[in-house]
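Asks: Just to be clear, the model below is a prediction. Sequence and coordinates:
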Amino acid sequence: MNEKDFYLTIDKPSTAEFKDRGSKFIAHAFAIETADDFKKQLQLLKKGHPKAVHHCFAYRIGSDGNNFRSSDDGEPSGTAGKPILGQIDSKGVSNIAIVVVRDWGGTLLGVPGLINAYKTVAALALQVTPVIEKQIETAYSIEFDYTQMNDVMMVLKQFNCSIHSNEMQLFCNIRAGIPKNRLNEVLNRFNDLQNISIKKRAENSALNLC
């Protein structure tokens, strides 16, 4: 197994809580595939914690290290987003986000106190969810006639491809993730089939590296 064909992420969402001098920090860790996934989850968390004074976060997507973001959301610069991102990176995980919701307790914690709180609660959230290994995939769109459904599904299943969405009409479209280490084999199999169009998708999905 080539480790470059796989990446580490978390198995399921988790939460953790940390308190310091009246302030309560609640970390929510969850897996994501795209920045849009993150935005949707962030909005849901904001609705779920409408009285919180800060919703600080960090995420990293992809294995090349270039797709990441962090936010202090009103906390002093460098006291929240970077400590959260640091915990993600120390675990070596990707396609993951952590949002820390803070309820202020009325006492200023200072820069060291804030850094410690956000770092600690992010680490706790990562400790309570299993880290798993997933294959790196490239996103493709496959178009075909409905009569070819069995042939297409057989190839996807044989090479352990992920199906992200499908439109089943007389003319079908499946959006799938093809394992990086089996890409050439899958493309050759589809090329052998008649009247099937397979195109690489532009958007990042499931660590699209190719």
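Replies: Everything's here; your move. This is a predicted model, so every value here is computed, not measured.
Asks: Tell me the gap between stretch 21-37 and the middle of its chain.
Replies: With CA atoms, centre = their mean, to the nearest Å as the basis, stretch 21-37 stands 12 Å off its chain's centre.
Asks: quick one: buried residues of it?
Replies: Neighbour-count burial for stretch 21-37 flags 23-34, 37 (criterion: 16 or more other CB atoms under 10 Å). Any C-beta I mention is one placed from the backbone N, CA and C, and that applies to glycine too.
Asks: Just name the closest of these to residue 151, please.
Replies: Sorting those by distance to residue 151 puts residue 33 at the head of the list, at 27.2 Å, by CB to CB.
Asks: Tell me the secondary structure of that closest one, please.
Replies: Assigned with DSSP: H, G, I helix; E, B strand; the rest coil, residue 33 falls in the coil class.
Asks: hmm, back to that, out of the buried residues of stretch 21-37, which one sits closest to residue 107?
Replies: After measuring these against residue 107 - CB to CB - the closest member comes out as residue 23, at 7.0 Å.
Asks: who's in contact with that closest one?
Replies: 102-105, 107, 109, 117 (CB atoms under 8 Å, 6 or more residues apart in numbering).
Asks: Tell me how far it lies from residue 104.
Replies: Residue 23 sits 6 Å away from residue 104, going by CB to CB, to the nearest Å.
Asks: cool, residue 18 as well?
Replies: Per CB to CB, residue 18 is found 14 Å from residue 104.
Asks: Same question for residue 12.
Replies: Using CB to CB, one gets 29 Å for the distance from residue 12 to residue 104.
Asks: Out of the contacts of residue 23, list just those in helices.
Replies: When helices are assigned by DSSP state H, the members of the contacts of residue 23 inside them are residue 117.
Asks: Which of the contacts of residue 23 are buried, as a PyMOL select command?
Replies: Listed next is the PyMOL selection for buried residues among the contacts of residue 23, using 16+ other CB under 10 Å:
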select buried, resi 102+109+117
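Asks: ok, so of the contacts of residue 23, who is nearest residue 162?
Replies: For the contacts of residue 23, the residue nearest residue 162 by CB to CB is residue 102; the value is 35.6 Å.
Asks: which residues touch the residue nearest to the closest one when sequence neighbours are not counted?
Replies: Nearest in space to residue 102, with sequence neighbours left out and distances taken as CB to CB, 6 or more residues apart in numbering, is residue 54 at 4.2 Å. Residue 54 makes contact with 73-75, 80, 100-102, 104 under the criterion CB under 8 Å, 6+ apart.
Asks: out of the residues you listed, which are buried?
Replies: For the contacts of residue 54, burial is judged from neighbour counts taken by 16+ other CB under 10 Å, and it is met by 73, 75, 80, 100-102.
Asks: can you give me the strands for the chain?
Replies: Assigned by DSSP state E, the strands in the chain fall at 6-10, 14-20, 23-31, 54-61, 67-71, 96-103, 131-135, 137-145, 162-167, 171-179, 197-200.
Asks: Next, count neighbours for residue 68.
Replies: For residue 68, the count of nearby residues is 15 (other CB atoms under 10 Å).
Asks: Just give the closest residue to it, not the sequence neighbours.
Replies: With sequence-adjacent residues excluded and distances taken as CB to CB, 6+ apart, residue 68 is closest to residue 60, at 4.2 Å.
Asks: I am finished for the moment; much appreciated.
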